[in-house]
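Participant: Compute the structure for the input listed below.
(chains A and B)
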Amino acid sequence: MNSIFFGVIAILSLYAFFKLAKVKASSKQTNRSNRINRFGNQESHNIIEGESEDITDEKEK
Amino acid sequence: MSKHAAINRFGRSANPAFTRNFNGFSRDVPSSERMTLDGAVNKTGILLSLCFGGAFIGWNIPMLMFPAMIIGFILALVTIFRSPSKAGSTAPLYSLAQGIFLGGITLIFETQFPGIAIQALALTFGILATLLVCYKSGLILPTQNFRLMIVSAIGGIFLLYFVNFIMSFFGSTLNFLTSNSLTSIGISIVIVGVAALSLVLDFDFIEEGAEKGLPKYMEWYGAFSLMVTLIWLYLEILRLLAKIRSR
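Facilitator: Modelled structure (predicted):
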């Protein structure tokens, strides 16, 4: 009887895990300033502001 | 530069699988080649199935237990330190090997204490599901300080295990770690707590990895790290239940 009880708990927990794990975390979890930032700011771009200038062979000479 | 010097020194996560620095990912990964929550969860399912398959083998052929443990340990080191990008091939083998080891060791415990395996399994998956609910709902909010705390605790625990391992060569062990005294049970409960909280860091890694669009192979790496923690948690629960039952 005990084994059946624990077996059911294990199966239900696994089912809950696989259902819930695919859901995105709440905004309370994702939108906060003190999150662990493991991968740096991936959204930033490497754009350097300023005027661009063509480099031609003549100029190099 | 991180706020905490210790985090910079020892890496950025409690789980050894996450102590590498992943800041150098390209931002130009195509959307079809990016890590997703679904992908990581599906791969966790594959690794869990392989672990159960391995456990079936280990349960029936217990003499494979120790070779499988050593192979699993080597595969874990290779995945963590040599080639996280090859986790797609090493993580399934790791799960299978560790499954064989778990099957064998579970059989030993089950022979001594009938019914202990299913209790440990239910507790492990129960803790997994409960902590996932707590994480997703925002009840537990992992921060740098939280991670530093878990890293320090894991460091201390593995130092104790290492000392105990060395002492075993001289015919002695750390009594408060291996006996069934109340102190030992208390310490086991703390260790189970630390292993359980490490799961939160694994969830956060996968969630952040999917948000930031890491390369696809990180799905395998995330699933692998979750498996490392789950296997550790299961073994600690098994030890804790055995200590309680032997009193």
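
Participant: what residues does stretch B:189-203 touch?
Facilitator: The contact list for stretch B:189-203 (CB atoms under 8 Å, 6 or more residues apart in numbering or on different chains) reads A:21, A:25, A:36, B:13-15, B:18, B:127-128, B:131-132, B:134-136, B:140, B:142, B:146-147, B:150, B:153-154, B:157, B:222, B:225-226, B:229-230, B:232-233, B:236-237, B:240. C-betas here are computed from N, CA, C, even on glycine.

Participant: do the same with stretch B:117-125
Facilitator: Contacts of stretch B:117-125 (CB under 8 Å, 6+ apart): A:2-3, A:6-7, A:9-10, A:13-14, A:17, B:106, B:109-110, B:230, B:233-234, B:237-238, B:241.

Participant: Tell me which entries of those residues lie within helices.
Facilitator: A:2-3, A:6-7, A:9-10, A:13-14, A:17, B:106, B:109-110, B:230, B:233-234, B:237-238, B:241 (DSSP state H).

Participant: which of these count as buried?
Facilitator: A:6, A:9-10, A:13-14, A:17, B:106, B:109-110, B:230, B:233-234, B:237-238, B:241 (16 or more other CB atoms under 10 Å in any protein chain shown).

Participant: What is the nearest of these to B:Lys86?
Facilitator: B:Leu230 (21.1 Å; CB to CB).

Participant: What pLDDT is listed against that closest one?
Facilitator: Looking at B:Leu230, its pLDDT is 97.

Participant: That one and chain A: what is the separation?
Facilitator: Counting by CB to the nearest CB, to the nearest Å, the separation of B:Leu230 from chain A is 10 Å.

Participant: Correct me if wrong: that residue contacts B:Leu128.
Facilitator: Yes. Assessed by CB atoms under 8 Å, B:Leu230 is found in contact with B:Leu128 at 6.7 Å.

Participant: Now chain B against chain A: closest residue?
Facilitator: For chain B, the residue closest to chain A is B:Gly138, as judged by CB to the nearest CB, at 3.2 Å.

Participant: mind listing which of the contacts of stretch B:189-203 are in helices?
Facilitator: B:127-128, B:131-132, B:134-136, B:146-147, B:150, B:153-154, B:157, B:222, B:225-226, B:229-230, B:232-233, B:236-237, B:240.

Participant: Could I have the ChimeraX command that selects the buried members from those?
Facilitator: A single ChimeraX command selects the buried members of the ones in helices among the contacts of stretch B:189-203 (16+ other CB under 10 Å):
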select /B:127,128,131,132,134,135,136,146,147,150,153,154,157,222,225,226,229,230,232,233,236,237,240
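
Participant: Flag every residue of chain A that's near chain B.
Facilitator: Within reach of chain B by CB under 8 Å from any CB of the partner chain, chain A has these residues: A:2-3, A:6-7, A:9-10, A:12-14, A:16-18, A:20-30, A:32, A:34-36, A:38-40, A:42, A:45.

Participant: could you flag which of those are buried?
Facilitator: Judged by 16+ other CB under 10 Å, buried ones among these: A:6, A:9-10, A:13-14, A:16-18, A:21, A:25, A:29, A:35-36, A:38-39, A:42.

Participant: need the contact list for A:Arg32.
Facilitator: Contacts of A:Arg32 by CB under 8 Å, 6+ apart are B:Leu141.

Participant: and it, that one's in a strand?
Facilitator: No. Applying DSSP: H, G, I helix; E, B strand; the rest coil, one finds A:Arg32 to be coil, outside a strand.

Participant: pLDDT score for it?
Facilitator: So A:Arg32 comes in at 89 (pLDDT).

Participant: Find the residue at the geometric middle of chain A.
Facilitator: A:Phe39 (8.6 Å; CA atoms, centre = their mean).

Participant: which SSE is the closest residue to chain B within chain A in?
Facilitator: Distance from chain B to each residue of chain A (CB to the nearest CB) is smallest for A:Lys28, at 3.2 Å. Using DSSP states H and E, A:Lys28 maps to helix A:27-30.

Participant: Okay, now the unreliable bits of the chain?
Facilitator: This is for chain A. A:41-53, A:57-61 (pLDDT under 70).

Participant: I was thinking of chain B, sorry if that wasn't clear
Facilitator: For chain B, counting by pLDDT under 70, the residues that fall below are B:1-29.

Participant: one more time with 80, if that's ok
Facilitator: Scanning chain B for pLDDT under 80 picks out the ranges B:1-32, B:83.

Participant: report the longest helix in chain B, please.
Facilitator: helix B:182-212.

Participant: Check the offset of it from the chain's centre.
Facilitator: 8 Å (CA atoms, centre = their mean, to the nearest Å).

Participant: can you check stretch B:82-97 too?
Facilitator: 14 Å.

Participant: tell me which residues of it are tucked away?
Facilitator: Buried residues in stretch B:82-97 (16+ other CB under 10 Å): B:84, B:87, B:90-97.
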